[in-house]
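Peer 1: could you look at this predicted model? Sequence included:
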Amino acid sequence: MRLFHASAKTHAIFDEERVIAYAGLEPVMRLAERCGLTALTSEYVTIADRLGVNTPLKLASIVAGMACGADSIDELDVLRHDGMDKLFDEIRAPSTLGSFLRTFTWGNVRQLEKAGRTLLTRPAVHTPLLPGKEVLAFLDVDSMRRRTYGYAKQGSAFGHTKIGGKTVLVRGLNVLLTTLSTPLAAPVVCGTRLRGGSANSARGAASFLAESIGAARAAGASGTLITRGDSAFYNAKTLNTCRRADARFSVTARMDPKIKAAIAVIDEAAWAAIKYPKAVFDDQADRWVSDAEIAEVGYTAFTSQGKQAITARLIVRRVKRLNPKTTGGQEEIFPLYRYHAIFTDSPFGLIQAEEQHRDHAIIEQVNADLIDGPLKHMPSGSFNAGAAWLTCAAITHNLLRATGCLAGAFHARARGATLRRHLICVPARLARHGRGHLTLHLPQQWRWRRAWMNAFDAVHHPPPARVA
C-alpha cells in the first residue's frame, strides 16, 4: 500500500457535522433499551446525593462510552462529537459522569450489581446468547488484580499475583468475577465484586457464588450447572454453598499431604492416557499415546471440619517430567510425574469431567477482554466509584456479547476488541428525510457489512413475544 497523493496536495479540515465515528453504537444501545437497561437502573439504583439525578441516563452514557472503547472517565468524551447528538439525546460530559460515580455508596454499588444480574436475563429473550443452557452450563469463578500506582486510590494495597508465571507482590485492587457459559456459547459476566488489594481470592466467595448461581438460574441455566474454580476456592464453605444451591462443583485441589496420600493408593493400571499437547493416536491400539494420564479415586475432604466434610471424586492428571537424577536414557524406566488434582462431583465420565475442568481457563479470556477495555485503568480514587465502574464494564461486556450473537456465528465468540473493531467503530454519515426518518450511510465495502446489518435488523424488528 502507498499514498496516492503528494503531501502538498493533501489537506484536512474538521467541518463535517453529520458524521459519527461509532455507528455500531446504535444497535448496541437499541438492544440495551429493548432489554430494559434504563428501566432496571431506574428501578434498582437510588442515589440520595443531588448529583445522582438522572441516574439511568448517566449509567447509559457510561456503558455507551465503554462500548466504544473508553477505558477512563476522560475518554467517555468519545460520545460527544459531531453527529452523535443527532443520533442520541442526553449525552453527559465526562466531568458530570465522574462526579456522578463518586456519589456512589456501597449500597448503591450493590443496587447496580442487582440491576446487572437482572439485565443478564433479558438478552436471552432477544438473542441466542446462551444456547444449550437448559442442558448444561458452566459457572466459572476467578479473581484478578488491577494494578494501581500511588497512594490516592481507596482500598489499594499489596497482594499476590502472577506475572510471567511467577508469584509477586503488586499494589492494586482485587476483582472477583464469575462468568456463565455453555459448550456452545462464549462466556458472559454473571457477577462482579471489587475488593481491597490485600483480599485473598476466597474472601467473600461463598456468598458471592450464591448470588451468581441464582443469577445463572434466572438467566435460564435450568439444567446441570457446574461451578469451576482454581485451588483458591478449594474450601468447605465455598463447596457447600454450591451444594446447597443445587450446583455441581469442580475445583483444583491443593496438593496437601492428604491429597498426596490419596493419589499414592491409585493402582498403576487405573491410569489412562488422554489427548494432550504432543499426544499421538495409535490406530492399532485404538488409544492415545501421551505424556499425560488421568485416574480417579473417591475422597472425603475437610474431615477436620465435622459436618462440613464433603465426599466426592478426586480426579488426578499426571504429566511426565524428566528425572534429573537418571542418565543414559533411563527416563522411561524411572519416570517422574507432576500431579494435578481436581475435586469434583461432576456427573460426567472421567475423561469428559477432566476436559471440562481444564476449560475453566476460558474465564481468563474474559479477564483479558475487560483489561483490554474498560478495566485498563481503575479510573477513580473512590473505591465505590471503581466498584460501580467495574459493574458497568460487566454490563457492557454482556451487551457486546449479545450484539455479537445477533451479528453471526463468528462474532458470537469473538473477542471484545474484535467486536468493537468490526461492529462498533464504523464511521457513518447521518441523513434526515421524510417525517423524522434517519438513515446511516456506512462504508460501501465494509468487510463486516453483513454481520453489522444482521445486528441492526434484529434490534429494529418487533421484539419476539414473551413466552408465559
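Peer 2: Received, thanks. Note that this is a predicted model, so its numbers are computed, not measured.
Peer 1: show me the strands in the stretch 51-200 of the chain, by range?
Peer 2: Listed in chain order, the strands of the stretch 51-200 of the chain (DSSP state E, counting those that start in this stretch) span residues 136-147, 157-163, 166-182, 185-195.
Peer 1: okay, buried residues for the longest one please.
Peer 2: Taking 16 or more other Cβ atoms under 10 Å as the neighbour-count basis, strand 166-182 is seen to contain the buried residues 170-182. No exception for glycine: its C-beta is placed from N, CA and C like everyone else's.
Peer 1: need those in JSON lines (columns: distance to E75 and pLDDT).
Peer 2: As requested, the buried residues of strand 166-182 are exported to JSON lines (distance: Cβ to Cβ, whole Å; pLDDT from 0 to 100):
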{"residue": "V170", "distance to E75": "24", "pLDDT": "86"}
{"residue": "R171", "distance to E75": "24", "pLDDT": "89"}
{"residue": "G172", "distance to E75": "20", "pLDDT": "91"}
{"residue": "L173", "distance to E75": "19", "pLDDT": "93"}
{"residue": "N174", "distance to E75": "24", "pLDDT": "93"}
{"residue": "V175", "distance to E75": "20", "pLDDT": "95"}
{"residue": "L176", "distance to E75": "25", "pLDDT": "95"}
{"residue": "L177", "distance to E75": "22", "pLDDT": "95"}
{"residue": "T178", "distance to E75": "27", "pLDDT": "97"}
{"residue": "T179", "distance to E75": "25", "pLDDT": "97"}
{"residue": "L180", "distance to E75": "28", "pLDDT": "97"}
{"residue": "S181", "distance to E75": "29", "pLDDT": "96"}
{"residue": "T182", "distance to E75": "33", "pLDDT": "96"}
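Peer 1: from these, which single one is nearest A236?
Peer 2: Nearest to A236 among the buried residues of strand 166-182 is L176, at 18.7 Å by Cβ to Cβ.
Peer 1: what's the nearest residue to the closest one if we skip its chain neighbours?
Peer 2: Sequence neighbours aside, R193 is the residue nearest to L176 in space, at 4.2 Å (criterion: Cβ to Cβ, 6 or more residues apart in numbering).
Peer 1: my guess is the one you found contacts V175, does it?
Peer 2: Yes: using Cβ atoms under 8 Å, R193 is in contact with V175, at 7.4 Å.
Peer 1: need the buried residues of strand 166-182 in a markdown table with distance to G381, can you?
Peer 2: Shown next, in a markdown table, are those (distance: Cβ to Cβ, whole Å):
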| residue | distance to G381 |
| --- | --- |
| V170 | 18 |
| R171 | 14 |
| G172 | 13 |
| L173 | 11 |
| N174 | 17 |
| V175 | 17 |
| L176 | 21 |
| L177 | 22 |
| T178 | 27 |
| T179 | 28 |
| L180 | 32 |
| S181 | 34 |
| T182 | 39 |
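Peer 1: tell me the one among those residues nearest to I362.
Peer 2: Of all the buried residues of strand 166-182, I362 sits closest to S181, with 6.3 Å by Cβ to Cβ.
Peer 1: quick one: residues contacting that closest one.
Peer 2: For S181, the contact set (Cβ atoms under 8 Å, 6 or more residues apart in numbering) comprises 130, 137-138, 140, 187-188, 362.
Peer 1: go with 7 Å
Peer 2: Each residue near S181 by Cβ atoms under 7 Å, 6 or more residues apart in numbering is listed here: 137-138, 187, 362.
Peer 1: same check, this time on A393
Peer 2: Going by Cβ under 7 Å, 6+ apart, A393 touches 66, 370, 373-375.
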